[in-house]
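*Asks:* here are the coordinates; sequence isn't available:
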């Protein structure tokens, strides 16, 4: 009898766990309508007569109290709204139009607080602007919550609203053709004690050098002339790859006119107007022709070309004895493949046996640099590590190019 009771208790426990998981799956599910989502990029998909609305899967809270939206394209009318809504908000209405919702609208700079008629609140927002929304929590007033809005990291204003029992959820509205934004649900912010000024994590501190490239969150955009080979836009990370952080990735968000996008590694003092791979102390995989460039303006056939939506990755396989303090950080990547000196070892091109001259890098410690495309290793090359290390370096050279870079991806 005890065994039977134990068996039924086990079945009830397993059913209860399943029910809890099902409830959580429904509760923490993002909702959107007339909007296309590709990673953190959201695009309007309606006909301008219909509202597109996105509601995040989790409400704002004390631990996650702020988010940001970067306007990539204002489209025809720039009718973009950023705010907070109840969990089951109707998706065919802009945030702020219905009760218990509040939003800052980019096209007119007005605040909509549960009403289709807005109040003058702040400046209008255009392409490249960052609109932020967050909350101040007053423990002495549980029924109310203060919602504040920012533009490009500076607070525009705030409003006190009632807090629904289920909480308030980050929301985004769009309402005209061509509108496109980047959503960051985990943006960081804090107040400086001295002047109370808002500080927002825009990821600019991740980059040591920027030339003809702007940074918005993790998005890099080329802003150079794009007329000749000297019009290179360069972004170089502040820190070199090491045994703890040995890999990084970029996603081609917009290929621009020519997709002259290069992902690679370079020495710290690399020329700012030279594509990665073109000059000494650098190596890179170029998206437009699929070639690898290693300290030369002439590339070797290496892998497939990369287009909009592709993920390109670059990393280093350090020798096992490179840093005794780091242990075996690289064992997962080392496998059983040990390339010959300066030889391209390519998974996709079999007949690629030409050796490259050592040049001025022959005295450095040898490491193996590898490149990936959409999570698959394309090829490897053994190179000399420059003094000071290899820094993640991204190059762009044609109008309209945009990439999203993750310097610390979970994979790799």
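*Replies:* Perfect, I can see it now. Everything quoted here is computed from the prediction, not taken from an experiment.

*Asks:* ok, for the most centrally placed residue in the chain, nearest residue in space, not its chain neighbours?
*Replies:* The chain has residue 218 as the residue nearest its centroid, 4.1 Å off, counting by Cα atoms, centre = their mean. Nearest non-adjacent residue to residue 218, counting by Cβ to Cβ, 6 or more residues apart in numbering: residue 404, 5.1 Å away. For every residue, glycine as well, the C-beta is placed using N, CA and C.

*Asks:* Which parts of stretch 256-264 count as buried, going by neighbours?
*Replies:* Buried residues in stretch 256-264, counted by 16 or more other Cβ atoms under 10 Å: 256, 259-264.

*Asks:* I meant stretch 79-97, not that one.
*Replies:* 79-87, 89, 91, 93-97.

*Asks:* Just the ones of those residues in strands?
*Replies:* 81-85 (DSSP state E).

*Asks:* ok so, going back, and of the buried residues of stretch 256-264, the nearest to residue 173?
*Replies:* Nearest to residue 173 among these: residue 256, at 28.3 Å, using Cβ to Cβ.

*Asks:* In this structure the closest one contacts residue 396, no?
*Replies:* Yes: counting by Cβ atoms under 8 Å, residue 396 is a contact partner of residue 256 at 7.4 Å.

*Asks:* Could you pull up the residues touching residue 34?
*Replies:* Counting by Cβ atoms under 8 Å, 6 or more residues apart in numbering, residue 34 touches 44-46, 50-53, 91-92, 174.

*Asks:* typed the wrong thing, it's residue 115
*Replies:* Contacts for residue 115 (Cβ under 8 Å, 6+ apart) come out as 96-97.

*Asks:* Check whether it sits in a helix, strand or coil.
*Replies:* Assigned by DSSP: H, G, I helix; E, B strand; the rest coil, the conformation of residue 115 is coil.

*Asks:* Return the distance of it relative to residue 97.
*Replies:* For residue 115, the distance to residue 97 (Cβ to Cβ, to the nearest Å) stands at 7 Å.

*Asks:* Equivalent analysis for residue 144, please.
*Replies:* Residue 144 is 21 Å from residue 97, by Cβ to Cβ.

*Asks:* Poorly predicted segments of the stretch 301-412 of the chain, please.
*Replies:* Within the stretch 301-412 of the chain, the stretches with pLDDT under 70 are 323-363, 410-412.

*Asks:* ok, which stretches of it are helices?
*Replies:* 331-334 (DSSP state H, counting those that start in this stretch).

*Asks:* Please name the bridge partners of the closest residue to residue 366 other than its chain neighbours.
*Replies:* Among residues not flanking residue 366 along the chain, residue 382 sits closest, at 5.5 Å (Cβ to Cβ, 6+ apart). Taking DSSP bridges as the rule, residue 382 bridges to residue 341, residue 368.

*Asks:* Give me the neighbour count for residue 382.
*Replies:* As a burial measure, residue 382 scores 17 neighbours (other Cβ atoms under 10 Å).

*Asks:* Quick check, it in contact with residue 368.
*Replies:* Yes: between residue 382 and residue 368 a contact is recorded at 5.2 Å, counting by Cβ under 8 Å.

*Asks:* that older thread, for the residue nearest to residue 366, give its distance to residue 318.
*Replies:* Using Cβ to Cβ, residue 382 is found at 12 Å from residue 318.

*Asks:* and what of residue 67?
*Replies:* Residue 67 is 37 Å from residue 318, where distance means Cβ to Cβ.

*Asks:* so what's residue 136 up against?
*Replies:* Counting by Cβ under 8 Å, 6+ apart, residue 136 touches 145-146, 148, 158.

*Asks:* Buried among those? Need that as a selection in ChimeraX.
*Replies:* In ChimeraX syntax, the buried subset of these is picked out as below (16+ other Cβ under 10 Å):
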select :145,148,158
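
*Asks:* Among the contacts of residue 136, which one lies nearest to residue 224?
*Replies:* Nearest to residue 224 out of the contacts of residue 136 is residue 148 (Cβ to Cβ; 35.7 Å).
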